[in-house]
Each structure stands twice: as structure tokens, then as C-alpha cells.
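In: sequence? don't have it. structure:
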Ligand code: SF4
Ligand code: SF4
Ligand code: SF4
């Protein structure tokens, strides 16, 4: 342990701690901008400077290790003056159009400016220097708002191992750019949106589509039907002044009806259906042969990644569409028929934790109903904005139920939202289908939690099946390199593009820290425990769907509506 004094508090901290860590342990707040709790230290912005007795210059708290007997002062006039000057220099080249900015009210730079604003400012505002990059269907970059903290580089290049972003030029001209300085659409970007979570300001965000939704809701010829993904409910409370996991499902359904959706259904229903199809696909590959390990296919960021970096392994992917797209194909066929609604009138909206789902819905393969299966995708953040715009008072809202035929789900469908959840849901069903025996303990705890790669073994009637789970594309890369080298010991792999799984998706309420993702995961397993039905194959509406429409898993209609194929993505930028 190291002994030190910080703002007059004598304390001891583990050797190797930084001044910032010591201050946090002492309950002393030091402002930060480039620092991120789950990333390597960068010390780019220097807003965290402190005085250290005996040191010639101010020290960056995030990168300076503590030493025995150190005396640190974090709030002297000299420190405050330095922070004000640093901020003034950042603001001098920043557009400062906060009232028109997506991050207004939730921006780390704005928060700093509220505290350390120079009075009066010495520099005139810089005009616009770079075009906003709207080249992709999903991610928007506004380089003028970038404060060069480099947190997006760490998210894209280290956590996700995509390398879609890099640094170009030097000094005042330095900027973050997509690969080769081209528009983002020409980079290997997989649309995962993790850079949005990393960014402290409004320099990266997703395309907003609320106006399109409002037009559809106002159109009397459209029947607006929504599906809501499992991870959304867990986090939407964070957007409307509740705590993680606290939004009751019934209140959410009522809120969606109040903003104008005609029918409210659940993606959990097709999560259960995915398990029926994917579980049977696994059993078929194990029995009859087929590419192994089979790898899950419900994360579109992961699909984009596999198509880009592992085009030789596309046969290993399950052919199942994601639950979003299974839902889209069924709502305009099976559900429309059951409800007696003309499918051409249906405007199908999905509410997702994911930015890549916006891209997925626009893929040309996703038109099995004869038209676009999912017309519009909103993120959880956009839903939060919609609720706030519509002034929904959740505190006094009477709860309502989902609409029939695609609104019932099991606990297995719920846990799809967490890393390991698809695997656990699949094992609950695959075990019972393969052995004909009831599973005694439904909880496969080995595949739960925030560890990057998890593994388990399951005995299926005398055959040991080895499974692995990865979340975050850097972890996925490790497993896929093994597969490519012919050294994978696994039969079945679950991959989710985002750290923590969908609860940490690029469209979720902004969160810097993995600890928030872990909180959302805890909430998801609580919901699973409270479900009356916890296995996908026991979902009564799924059973009805097979009896009345699909006939059997992997049957002819399933192949037409619920399965897909993949294409290698252009690698010219690699
Ligand atoms: S990024 Fe932040 S400081 Fe900059 S304009 Fe947007 S809200 Fe204002
Ligand atoms: S969306 Fe994902 S892949 Fe694209 S730039 Fe951001 S972090 Fe990188
Ligand atoms: S785009 Fe955002 S995260 Fe990336 S360097 Fe700029 S300010 Fe930081």
C-alpha cells in the first residue's frame, strides 16, 4: 500500500493506483473527458490536472501513479485556472450549437462548460470546418464536434477489433477519420454503435427516424404494429427517470399505445421461435453433418463482422434470421391473416437496443413477405425521446396487455437480451428435445456474466456438446480465429457484437461503464425467474404457430420466411 494526502485527507491506496483512482476512493471528484472507466488511459485532454507537491508542472490525475508520501491538491486556484484554459481551448474549435445537438442535456463537454466556462470567452467561435458524414444507413459522424478524446478509437479498434476509425493529420488539423479518410460507408464499420457509447459529445450518433414514425402514425391507411425487443424494457426506464429494470412491462405496452401504435407485440415471441429453429438446426448438424461449430446469427453487427472478416466461415453461421426479421416476415403473413388485416397496410416498426438492426432491416434478403418485412427500426434512445416528446406520465399510467398471437413469451425469450442468453435458451430446449427428459435445473450459470469468453459442456443423451459464448467483437475474433485454424473444440458458439449482449447494444441509453451493463443483466435474469414459462418450446403461441401455419421446425415455410443466407462484404478497405 502507498500512503498519501489528497486535499488534506490522509489515506492509503494499493501501489500502482493513479491519482484519479485515489481521489475516487476518497470521494473527491476530479473532472475527466478522455478518461473512460473500461478503457486504457490516454491522458489526451488534461482536464484532470492536479497539483502535486514538489512537481514542476501540474500532473494529469488519470495517468500519474501515486507515490509514497505524495501530497496532492485537486482544487487550488492554479488547478481551476488550468482547467478553465484547457476547456476554453477545446471550446474555441467546437461548434457550440448545443440547442440543436443530439447530446443536449447529456454531454460531458456541456457539463464541463457549465462548471468551468471562461468569463468572458477570449476566442471567437469557429465556423463549420468539416461536412457531417451521413454516408451509412445508420451511423452519423460530425467531425466538428469531436474533442479528440480517442475513446471511439478504443471502442472500435480494441474492444470491437474492427479498425473502422483512425487518427489523421497533426496539431490543429488532427481528426478522427474512417479508414483511409473515406466516408464511413466505405470503411469496414459493422454499425455496432459502440463508438456512440464511447463518445462524450455529439460527434457520433445514430440516424434519427422519429419523423418517419410520426408520419406513419398519422396516416389513416396504415396499421402501425410494433415489436419490442427484450433488452429495451430493461433499459428504457433510464431514459424516463426510472432505474434500470424498473419499467413494468404493462406500463410500457400502455405507453406505446398512447404514442399511437395500433398493435403492440413482442420480439420475445420470435426469440422463442428462433430457439425452435436454431435448436433443431444444431441437432440436425450434429446428427446429419454440416458446418460445425454452428454459430448464432441473431446479432446483425456480428453478421456484418463475419461477412467482412471471415467470409470463408459463412457456412458456420446458423441460417436463422434474427428474431427481429422473423417477426417482420410473420407479421405481414401469419399475423395479418389471423387478424384479417391487409398486409400492404401494415407498417411494421421494431424497437431495438441495436443500431445494426437499422441496417439489417434494409437488407434486400429481408423481404420474405413480398415487401420490406420491417419498415422502420427505432433504438431504445429514440423510444425514450418519443416518450418524452409525448409527455407520457408512466407514474399514473394503467398497465395494458400485449396484443394476441405474437405477444406471448417465455423466460428463455427474455434472456436473449444478455450475453449467454441465446445459448442458455437453446440448451433448455435442445436438451429436452434431444433426450426426451425434463431438464432439472434450467439455469446454465456457466454462460452468464460479463467474462469475455465463457464455455460449458452439456451431455445430450450420451453425446458431450461443447459450447462457447463471446460478446464484443474482439472476443468473437479470438473464437473465430480458432475455427479458421481448424482448432475449435466447440460444437456451438454464441456471439453477440456488443459487450454484455443486447443490453449493451449501440442503441441503448448511453452508458460509459460496463458496471451498468452488468446491472441490466441482473435485471434480465430476475425477469426470467418470474416467468411462468421458461422454455421456448412451451410457449403456447409458438405451439399454435407450428400447428396452424409452419407445420414443423425447419419445414418448407420456415425456410421461406425464417431463414436466410449471407454474403461476403467488400474488403477493398482492409
Ligand atoms: S457536443 Fe455537447 S457541447 Fe457540443 S454542441 Fe453538442 S451538446 Fe453542445
Ligand atoms: S459503429 Fe462499431 S464498427 Fe462502426 S465505427 Fe462505430 S465502433 Fe466502429
Ligand atoms: S468522435 Fe467522440 S469519441 Fe471519437 S475522438 Fe471524437 S469526441 Fe472522442
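Out: All right, it came through fine. For clarity, every value in this text was computed on a predicted model and none was experimentally measured. Ligands and ions are numbered 1, 2, ... in the order given.
In: contacts only, for the nearest residue to residue 302 once chain neighbours are set aside.
Out: Spatially, and ignoring its direct neighbours in sequence, residue 302 is nearest to residue 497 (4.3 Å; Cβ to Cβ, 6 or more residues apart in numbering). All C-beta spots, glycine's among them, are computed from the backbone N, C-alpha and C. Counting by Cβ atoms under 8 Å, 6 or more residues apart in numbering, residue 497 touches 160, 190, 192, 299-302, 305, 356, 471-473, 476.
In: sitting in strands, which of these do you find?
Out: residue 471 (DSSP state E).
In: first to last residue in stretch 436-455, what's the distance?
Out: One end of stretch 436-455 to the other measures 24 Å (Cα to Cα, to the nearest Å).
In: what's the mean pLDDT across it?
Out: Computed over stretch 436-455, the mean pLDDT rounds to 91.
In: cool, stretch 322-341 as well?
Out: What stretch 322-341 shows for mean pLDDT is 97.
In: that one: how far from the chain's middle?
Out: Counting by Cα atoms, centre = their mean, to the nearest Å, stretch 322-341 is centred 25 Å from the centre of its parent chain.
In: can you tell me how far the residue nearest to residue 302 is from residue 295?
Out: Between residue 497 and residue 295 the computed distance is 12 Å (Cβ to Cβ, to the nearest Å).
In: kindly report the same for residue 92.
Out: 49 Å.
In: who has more neighbours, those two?
Out: residue 295 (28 against 15; other Cβ atoms under 10 Å).
In: show me what contacts that one?
Out: 306, 313, 316, 317, 318, 483, 492, 493, 494, 495.
In: just name the closest of those to residue 43, please.
Out: residue 495 (33.3 Å; Cβ to Cβ).
In: can you get me a residue count around that closest one?
Out: Using other Cβ under 10 Å, residue 495 has 30 other residues around it.
In: could you pull up phi and psi at it?
Out: Here is the backbone geometry of residue 495 (degrees, to the nearest 10): phi -130, psi 130.
In: near ligand 1, which residues of the protein?
Out: With Cβ under 6 Å from any ligand atom as the criterion, the chain meets ligand 1 at residues 94-98, 101, 103-104, 107, 109-110, 145, 201-202.
In: pick out the most distant pair among those.
Out: The widest separation within the residues of the chain next to ligand 1 (Cβ to Cβ) is 13.6 Å, between 94 and 104.
In: between the two, which one's more packed in?
Out: Remark: of residue 94 and residue 104, residue 94 carries more neighbours, 20 against 12, as counted by other Cβ under 10 Å.
In: residue 143 is in contact with the more buried one, correct?
Out: No: under the criterion of Cβ atoms under 8 Å, residue 94 is not in contact with residue 143, lying 11.4 Å apart.
In: for the closest residue to ligand 3 within the stretch 401-550 of the chain, give me the pLDDT.
Out: Per Cβ to the nearest ligand atom, residue 512 is where the stretch 401-550 of the chain lies closest to ligand 3, at 11.0 Å. At residue 512, the model reports a pLDDT of 74.
In: would you say it is within a strand?
Out: No: looking at residue 512 with DSSP: H, G, I helix; E, B strand; the rest coil, it is coil, so not inside a strand.
In: how about the helix or strand encompassing residue 386: buried residues?
Out: Secondary-structure assignment from DSSP states H and E places residue 386 in helix 380-389. By 16 or more other Cβ atoms under 10 Å, the buried positions in helix 380-389 come out as 380, 381, 382, 383, 384, 385, 386, 387.
In: which strands or helices does it pack on?
Out: Applying 3 or more Cβ pairs under 8 Å, 6 or more residues apart in numbering; DSSP states H and E, one finds that helix 380-389 contacts helix 210-218, helix 230-236, strand 346-352.
In: which non-adjacent residue is nearest the spatially most central residue of the chain?
Out: Centroid check for the chain by Cα atoms, centre = their mean gives residue 505 as the closest residue, at 0.6 Å. Leaving aside its sequence neighbours, residue 505 sits nearest to residue 353 (Cβ to Cβ, 6+ apart; 3.4 Å).
In: surely that neighbour touches residue 507?
Out: Yes: here residue 353 reaches residue 507: they are 5.3 Å apart, a contact under Cβ under 8 Å.
In: quick check: neighbours shared by the two?
Out: Listed as contacting both residue 353 and residue 507 by Cβ under 8 Å, 6+ apart are 379, 380.
In: okay if I get the contacts of residue 497 as JSON lines plus distance to ligand 3, neighbour count and pLDDT?
Out: Formatted as JSON lines, the contacts of residue 497 follow (distance: Cβ to the nearest ligand atom, whole Å; neighbours: other Cβ atoms under 10 Å; pLDDT from 0 to 100):
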{"residue": "160", "distance to ligand 3": "13", "neighbour count": "26", "pLDDT": "98"}
{"residue": "190", "distance to ligand 3": "17", "neighbour count": "31", "pLDDT": "97"}
{"residue": "192", "distance to ligand 3": "14", "neighbour count": "33", "pLDDT": "98"}
{"residue": "299", "distance to ligand 3": "23", "neighbour count": "29", "pLDDT": "97"}
{"residue": "300", "distance to ligand 3": "23", "neighbour count": "26", "pLDDT": "97"}
{"residue": "301", "distance to ligand 3": "18", "neighbour count": "29", "pLDDT": "98"}
{"residue": "302", "distance to ligand 3": "22", "neighbour count": "27", "pLDDT": "98"}
{"residue": "305", "distance to ligand 3": "20", "neighbour count": "26", "pLDDT": "97"}
{"residue": "356", "distance to ligand 3": "19", "neighbour count": "29", "pLDDT": "97"}
{"residue": "471", "distance to ligand 3": "21", "neighbour count": "30", "pLDDT": "97"}
{"residue": "472", "distance to ligand 3": "17", "neighbour count": "27", "pLDDT": "97"}
{"residue": "473", "distance to ligand 3": "18", "neighbour count": "28", "pLDDT": "98"}
{"residue": "476", "distance to ligand 3": "22", "neighbour count": "28", "pLDDT": "98"}
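In: dump the contacts of residue 497 to a markdown table, plus distance to residue 418.
Out: A markdown table is the format used below for the contacts of residue 497 (distance: Cβ to Cβ, whole Å):
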| residue | distance to residue 418 |
| --- | --- |
| 160 | 19 |
| 190 | 20 |
| 192 | 17 |
| 299 | 12 |
| 300 | 17 |
| 301 | 16 |
| 302 | 15 |
| 305 | 20 |
| 356 | 17 |
| 471 | 9 |
| 472 | 13 |
| 473 | 17 |
| 476 | 16 |
